[in-house]
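Chemist: Sequence first, then the predicted structure:
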Amino acid sequence: MDDVDVGLFDRDWNNAVYFFALNAEEQIYFRYGGRDSASPDTYLDLHSLEAALGDGLGMHRRYLGGELKLPPRPQAFFPRQIPLLAQRTFAQRQCVECHLIGDFQNIQREQAGTLDKLTHLYRSPDIKTIGIFLDVPKGLVVKEARDAAQAAGMKAGDRITALDGAAVATFGDLQYRYDKVDRKADKIRIAVDRGGSAVELTVGLPPRWWWTDLRFRQSSVDPRLDFEDRALTGEEKRRLGLPPDGFASQVKHVAELARALKTHELRVGDVIAAVNGVERDEQANTAELYLKLNVKAGNSAMLDVIRDGQRMKMQLNTHILSFRK
């Protein structure tokens, strides 16, 4: 990626495969790629790629005929313009790999005080969270609509054509546009083709619609916690005398490295009632999420832990995730 214009080829840099179809003026017709946290190829399929390429040729003919208007080419931006990346790769004569671009951008943002973890860490929200399940070989044809999508009137067989007014032709397009949605938004507009008729739907966004599993990302600004938890139910909070709107959670898994790294002394079944004296948060519904959003990787935090009915203080030392750079 040393000399690639990443301003033009903007994407989520943790995707394994990503194609761009563009014309001689470097205006993009469509993106093909994208993934979810379960697998790098959930949405990659030869049939959908073939269909996308066919659609792309159609777009090109329309463009040459003056029927298709495309947005202007994005401003050029190259990896060497990211100072930390230039210092740690170019200066060391090392290769610039895709994942390094996103990672060093986030490190740079953190140092500049502009890092927004909801946007920059929790990339590529999962459309299944709002109930959209695609018939992958058919591209953006809906196989099943549930939850918020179903409530908005989306139906099986609908073909998604736009998100918040931006045309989409592939899952890569849809995920790219969905990732651009303001994390504070409570609804989005999705246009669909239903049997040849255009229908616009307003889909309500549930709390934490932007949340995704970060484990495959290996991001330097994501504090390593060495535990996983689950949100307590309202009844569980009531029994423990905890605020009903708090983020109290129960530990469900402790990584084997927690003891070796001296991260913490949590045990499965422990309840984390507060972090640094804080019990409530506008975004977080668990202590794990609160820590990820509010503690800088490498810093420590003080937990209020309930174990066997006894409340205690426990220090947690986060770590910076390490991977090949």
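Modeler: Received the coordinates, thanks. Numbering: from 1, shown residues only.
Chemist: all strands of the stretch 51-200 of the chain, in order?
Modeler: 132-134, 142-145, 159-163, 166-167, 187-194, 197-204 (DSSP state E, counting those that start in this stretch).
Chemist: Sheet partners, orientation included, of whichever helix or strand comes after the last one?
Modeler: Once strand 197-204 ends, the next helix or strand along the chain (criterion: DSSP states H and E) is strand 223-224. When pairs are called by DSSP bridges, strand 223-224 turns out to pair with strand 319-320 (antiparallel).
Chemist: circling back to that earlier point, now distance to R267 and mean neighbour count too, for the strands of the stretch 51-200 of the chain, in a markdown table please.
Modeler: Heads up, the C-betas are built off the backbone N, CA and C, glycines and all. Formatted as a markdown table, the strands of the stretch 51-200 of the chain follow (distance: least, CB to CB, whole Å; neighbours: other CB atoms under 10 Å):
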| stretch | distance to R267 | mean neighbour count |
| --- | --- | --- |
| strand 132-134 | 37 | 20 |
| strand 142-145 | 40 | 18 |
| strand 159-163 | 44 | 20 |
| strand 166-167 | 48 | 15 |
| strand 187-194 | 41 | 18 |
| strand 197-204 | 39 | 14 |
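Chemist: of all the ones you listed, which lies closest to D116?
Modeler: When the strands of the stretch 51-200 of the chain are compared by CB to CB, strand 187-194 sits nearest D116, at 18.7 Å.
Chemist: what about the residue nearest to T119 when sequence neighbours are not counted, how many neighbours?
Modeler: Spatial nearest neighbour of T119, chain neighbours left out: R183 (5.6 Å); criterion: CB to CB, 6 or more residues apart in numbering. R183 has 16 neighbours, counted by other CB atoms under 10 Å.
Chemist: okay but R183 is in contact with L121, surely?
Modeler: No - using CB atoms under 8 Å, R183 is not in contact with L121, being 10.6 Å away.
Chemist: Quick check: the gap between Y32 and H120.
Modeler: Distance of Y32 to H120, given as CB to CB, to the nearest Å: 24 Å.
Chemist: Quick check on those two: which one has the bigger neighbour count.
Modeler: Neighbours were counted for Y32 and for H120 using other CB under 10 Å; Y32 has more, 23 against 16.
Chemist: Contact partners for the residue nearest to T119?
Modeler: For R183, the contacting residues are 116, 118-119, 122, 210, by CB atoms under 8 Å, 6 or more residues apart in numbering.
Chemist: In JSON lines: the residues you listed, plus pLDDT, distance to D222 and neighbour count.
Modeler: Shown next, in JSON lines, are those (pLDDT from 0 to 100; distance: CB to CB, whole Å; neighbours: other CB atoms under 10 Å):
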{"residue": "D116", "pLDDT": "97", "distance to D222": "14", "neighbour count": "12"}
{"residue": "L118", "pLDDT": "96", "distance to D222": "13", "neighbour count": "14"}
{"residue": "T119", "pLDDT": "96", "distance to D222": "14", "neighbour count": "15"}
{"residue": "Y122", "pLDDT": "96", "distance to D222": "10", "neighbour count": "23"}
{"residue": "W210", "pLDDT": "97", "distance to D222": "15", "neighbour count": "23"}
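Chemist: What is the nearest of those to L266?
Modeler: Nearest to L266 among those: Y122, at 23.4 Å, using CB to CB.
Chemist: If anything else comes up later, I'll come back, but that's it for now.
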